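Student: sequence unknown, structure follows:
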């Protein structure tokens, strides 16, 4: 069985890392898996990408052209919105590789035209990494549910026109994908339910398979050693927040974390607790959090991230919407409990008061209560840590994910 994964990147971003992990997991259990990507960041020979610099330059220019229709929406929100309207070079590459089955991943940013799906001529499995597949262009819908009808009057475009750009994109998807041999895989029950409620995907088969991780890389490391390696204090409780674009991406919830930490600092923790942040650097405009804060910058490898998770006592994930929430699963694998809101994909990862705390969405006071509850009793914290690692080993290993996908691929191919 030859498997080909289509992904905009291999390891550049959360969705890409999830796709690459699945690819390596499938190879680890003996399957023939390759990736075809728009931009390659790894040195993995099983990942295929344009090698000629001219093609790489064309790819960057294409991304600029892709965004041209958005220029008509000058009040558009600063959120990702992809139209996928320009032609691509995917089909000749796929024909050359000649896979038995194709696993789509995050294919935005100009990688694949919407109409290319029908030309792939293979059984398709699409791993959903966000909501773009069933919307008119956005990746995170927020409070909008117009994808359940036909999009249009898009709030992210700040449009009141029913026949706006989002409706055009939605109509193209409806026309191009109506007869696809397509199976969807969602990493969480929440995202699966969103897909089932959409007009584009309501009649498709949708399976739930959580994202996997290498539990030998993401594992508890001696906390004293981890703190020493990162130059963090040994005599404080440490709480962690981090993500790609941690402080600038509104969906990651930093705007909710700031008042939560400020309130926490007024409740007797100021001298005993410090904050650690990765995925961002301190600037002159960084807000006062009420605690001494260690900005660690960006990490791009698993071992460094596992060291960060292991160095702290508690991970905070105040995201508004997560299709899954890999920082939460990575943290659990390192034996670090998680406080998050009881919403979206994080509900599949964090078990309330077993390996963390799920606060009422999006109540800052209850989020503070969760932090306090987890940290105030050392014996409780140790139990949360034990069950965090236990959950990751039971449900989020790479081998388990790979074998679930393998079974699904085989079932599809024999139909």
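Tutor: Sure thing, it's come through. None of the values given here were measured: they were computed from a predicted structure.

Student: and the strands in the stretch 251-400 of the chain?
Tutor: Ranges of strands in the stretch 251-400 of the chain, per DSSP state E, counting those that start in this stretch, are 273-278, 293-295, 314-317, 338-341, 356-359.

Student: so for the residue nearest to residue 162 when sequence neighbours are not counted, what's the pLDDT?
Tutor: Nearest residue to residue 162, sequence neighbours excluded (C-beta to C-beta, 6 or more residues apart in numbering): residue 152, at 4.2 Å. C-beta: built from backbone N, CA, C; applies to glycine. We have a pLDDT of 97 for residue 152.

Student: now do the same for residue 152: helix, strand or coil?
Tutor: With DSSP: H, G, I helix; E, B strand; the rest coil as the basis, residue 152 sits in coil.

Student: close enough to count as contact, it and residue 164?
Tutor: Yes. Contact criterion C-beta atoms under 8 Å: residue 152 and residue 164 qualify, at 5.8 Å.

Student: now the element after the helix or strand of the chain with the lowest mean pLDDT, going C-ward?
Tutor: None of the helices or strands of the chain scores lower by mean pLDDT, DSSP states H and E than helix 53-66, at a mean of 68. Where DSSP states H and E defines the elements, the next helix or strand beyond helix 53-66 is helix 90-97.

Student: can you give me the buried ones in that next one?
Tutor: Residues of helix 90-97 classed as buried: 90, 94 (neighbour count, 16 or more other C-beta atoms under 10 Å).

Student: who's in contact with the residue nearest to residue 162?
Tutor: By C-beta atoms under 8 Å, 6 or more residues apart in numbering, the contact list for residue 152 reads 136, 146, 159, 161-164, 166-167, 170.

Student: repeat that for residue 393.
Tutor: Residue 393 neighbours (C-beta under 8 Å, 6+ apart): 215, 333.

Student: next one: residue 220
Tutor: 310, 334-335, 385, 389.

Student: any idea how far residue 10 is from it?
Tutor: Residue 220 sits 28 Å away from residue 10, going by C-beta to C-beta, to the nearest Å.

Student: wait, which of the contacts of residue 220 is closest to residue 213?
Tutor: Residue 213 has its nearest neighbour among the contacts of residue 220 in residue 334, at 10.1 Å by C-beta to C-beta.

Student: find the nearest non-adjacent residue to that closest one, please.
Tutor: In space, not counting the residues next to it along the chain, residue 334 is nearest to residue 309; the distance is 3.7 Å by C-beta to C-beta, 6+ apart.

Student: give the closest residue to residue 400 in space, chain neighbours not counted.
Tutor: Leaving aside its chain neighbours, residue 400 sits nearest to residue 212 (6.4 Å; criterion: C-beta to C-beta, 6+ apart).

Student: my guess is the one you found contacts residue 398. True?
Tutor: Yes. Here residue 212 reaches residue 398: they are 4.1 Å apart, a contact under C-beta under 8 Å.

Student: need the overlap of contacts for those two.
Tutor: Joint contacts of residue 212 and residue 398 (C-beta under 8 Å, 6+ apart) are 21-22, 25.

Student: just put those in a markdown table and tack on pLDDT and distance to residue 292.
Tutor: Converted to a markdown table, the shared contacts of residue 212 and residue 398 look like this (pLDDT from 0 to 100; distance: C-beta to C-beta, whole Å):
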| residue | pLDDT | distance to residue 292 |
| --- | --- | --- |
| 21 | 97 | 34 |
| 22 | 98 | 39 |
| 25 | 98 | 39 |
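
Student: and for the residue nearest to residue 400, the neighbour number?
Tutor: When neighbours are defined as other C-beta atoms under 10 Å, residue 212 has 26 of them.

Student: please read off the pLDDT at it from the model.
Tutor: Confidence at residue 212, expressed as pLDDT, is 98.

Student: for residue 377, see how far away it is.
Tutor: Using C-beta to C-beta, we find residue 212 at a distance of 32 Å from residue 377.

Student: likewise for residue 175?
Tutor: Distance, residue 175 to residue 377, by C-beta to C-beta: 58 Å.

Student: try residue 185
Tutor: According to C-beta to C-beta, residue 185 stands 39 Å off from residue 377.

Student: and if you look at residue 84?
Tutor: From residue 84 over to residue 377 the distance is 51 Å, taken as C-beta to C-beta.

Student: show me what counts as buried in the lengthiest helix in the chain.
Tutor: The longest helix of the chain (DSSP state H) is helix 378-395. For helix 378-395, the neighbour count (16+ other C-beta under 10 Å) marks 381, 384-385, 387-389, 391-392 as buried.

Student: and the protein, what are its domains?
Tutor: Using automatic domain parsing, the domains assigned to the chain come out as 2-212+398-413, 223-395.

Student: quick check, residue 150 in contact with residue 169.
Tutor: No. The criterion here is C-beta under 8 Å, and residue 150 misses it with residue 169 at 10.7 Å.

Student: looking at the two, which one has more neighbours?
Tutor: Between residue 150 and residue 169, counting by other C-beta under 10 Å, residue 169 is the more crowded of the two (24 against 16).

Student: so what's the more buried one up against?
Tutor: Applying C-beta under 8 Å, 6+ apart to residue 169 gives the contacts 83-84, 114, 136-137, 151.

Student: ditto for residue 392
Tutor: Residue 392 makes contact with 213, 215, 218, 329, 332-333, according to C-beta under 8 Å, 6+ apart.

Student: residue 217 versus that one, what's the distance?
Tutor: Separation of residue 392 from residue 217 (C-beta to C-beta) stands at 12 Å.

Student: how far away from the center of its chain is stretch 168-187?
Tutor: 21 Å (C-alpha atoms, centre = their mean, to the nearest Å).

Student: correction: stretch 143-154
Tutor: How far stretch 143-154 lies from its chain's middle: 22 Å, per C-alpha atoms, centre = their mean.
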